[in-house]
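In: Sequence first, then the predicted structure:
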Amino acid sequence: MRFQYDTIGERFVESKAVAAFSAADTHTLLGALDALGGVGGLDTLDLACGYGYNTRLLARGGARRAVGVDASEEMIRLARAHGVIGADDVATLEGAVGAEPSTDDSAAAAVAAGTITTVSTGSAGSAGSAGSAGSAGSAPGGTGLRDTSIEYVVADAAKLPQMGPFDLATAVYLFSQATDRSVLHAMFRSIRANLRDGGRLLAIVPNAGAYPHVDWSPYGVRIVDRIHEGDAPLLKAQFLTRPSVDFEFREWAHADLAEAAVEAGFSTVGWQPNRTPPPDGTRDEAYWTAYRAWPISSLMTCTA
């Protein structure tokens, strides 16, 4: 499964840029980061980083260190090729997902100190406006990425070297690449070993059980088959780029993910619903209301 993204390459970049489900995932992640007070001054780890989109958002938010890790050599090559996003480009990306700037870094210091011990798992709306991860104000000196050390590493998340400690780890669709239960548990153990006590894991994970009851084609992805085998069903899917690109992933239940997190030593595990960007001329409120009824993903939050 790790090698499929070596083949997908630039088509994944295209999907990330245009797919509505990706916009919702980014809006969800930015909202969670904002609820933690942003990433200013934190050491951050971005797992399954792909071509470095979220890694660069963390860096733009003022992270002291932003390390992107992916098992795909092609994805890391693309991440390095895309290089550093300037402030104006990140502002454009944030606008596309409805992010709003914030300059409050007080909670970020608390996260770094380990004094914040819980993440709200209530209404997504209570998390506040998304955007601290991309706020220029949170970067020391106001220079954003230029003051941040960005690294990209080819590594298997189930066998991570000791690269930390980190204050925060993000993982977007990482765990759905775990081929069996032992690999899933190894991923969580590797992440926990790289986090400081009190550090956070924010993971975008698929919601199980949707296929064949819902069609996500209007949002940029289509599930074409569900095969019952092994420890978790294997889903065959397509990114609806032009042309479409086939990929596959494992459909782990949220209970499986929580079990692996607890076994790895995380002290708290929580869930938050997917958040959608504000409606616009292309994607109106009816469009997003239909998506929220059965979204592709949820946000998993864990405290080390």
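Out: Here it is on my side, so go on. Numbering: from 1, shown residues only.
In: Output the lengthiest strand in the chain in CSV with nothing but the alpha carbons.
Out: Counting residues, the longest strand found in the chain (DSSP state E) is strand 195-206. Output of strand 195-206 as CSV, limited to C-alpha atoms (Å, rounded to 0.1, in the frame of the first residue of the first chain):
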residue,chain,number,x,y,z
LEU,A,195,6.0,13.0,21.5
ARG,A,196,6.7,14.8,24.7
ASP,A,197,4.5,14.0,27.7
GLY,A,198,1.4,16.1,27.2
GLY,A,199,2.0,16.4,23.5
ARG,A,200,-0.9,16.1,21.0
LEU,A,201,-1.8,14.0,18.1
LEU,A,202,-4.4,15.3,15.6
ALA,A,203,-5.4,12.8,13.0
ILE,A,204,-7.9,13.0,10.2
VAL,A,205,-9.3,9.5,9.9
PRO,A,206,-12.0,8.0,7.6
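In: Residue 266: what's it in contact with?
Out: The neighbours of residue 266, taking CB atoms under 8 Å, 6 or more residues apart in numbering as the test, are 188, 192, 201, 302-304. For glycine as for every other residue, the C-beta is placed from the backbone atoms N, C-alpha and C.
In: how much space between it and residue 231?
Out: Remark: distance between residue 266 and residue 231 (CB to CB, to the nearest Å) = 20 Å.
In: same check, this time on residue 252
Out: 8 Å.
In: Which of the two has more residues huddled nearby?
Out: residue 252 (21 against 14; other CB atoms under 10 Å).
In: hang on, isn't that one packed against residue 176?
Out: Yes: the criterion here is CB atoms under 8 Å, and residue 252 meets it with residue 176 at 6.6 Å.
In: tell me, what's touching the two both at once?
Out: What both residue 252 and residue 176 touch, as defined by CB under 8 Å, 6+ apart, is the set 205-206.
In: re earlier: which residues are in contact with both of residue 252 and residue 231?
Out: Counting by CB under 8 Å, 6+ apart, the common neighbours of residue 252 and residue 231 are residue 184.
In: and residue 77, how many residues sit next to it?
Out: Neighbours of residue 77 (other CB under 10 Å): 16.
In: in whichever strand or helix holds it, what counts as buried?
Out: Using DSSP states H and E, residue 77 sits in helix 73-82. Within helix 73-82, the residues that qualify as buried are 74-79, counting by 16 or more other CB atoms under 10 Å.
In: do the same with stretch 278-292
Out: Result for stretch 278-292 [16+ other CB under 10 Å]: buried residues 283, 288, 291.
In: Apart from its neighbours in sequence, what residue is nearest residue 213?
Out: Using CB to CB, 6 or more residues apart in numbering and skipping residues adjacent in sequence, the residue nearest residue 213 is residue 294, 7.5 Å away.
In: Helices of this structure, start to end?
Out: Using DSSP state H, the helices assigned to the chain run over residues 4-8, 10-18, 20-35, 53-60, 73-82, 87-96, 106-113, 181-193, 254-264, 285-293.
In: Least confident of those, on average?
Out: The stretch with the lowest average pLDDT out of the helices of the chain is helix 106-113, scoring a mean of 31.
In: and the residue nearest to residue 213, how many neighbours?
Out: 14.
In: ok, it - contacts?
Out: 207, 210, 213-214.
In: Mind picking the two most distant members of those residues?
Out: Within the contacts of residue 294, 207 and 213 form the most distant pair, 11.3 Å apart (CB to CB).
In: ok, those two, which is more surrounded?
Out: residue 207 (16 against 7).
In: who's in contact with that one?
Out: So residue 207 contacts 254, 294-298 (CB under 8 Å, 6+ apart).
In: farthest pair in the residues you listed?
Out: The span of the contacts of residue 207, defined through CB to CB, is set by 254 and 294 at 14.7 Å.
In: Centre-most residue in the chain?
Out: Centroid-nearest residue in the chain: residue 172, 3.1 Å away (criterion: CA atoms, centre = their mean).
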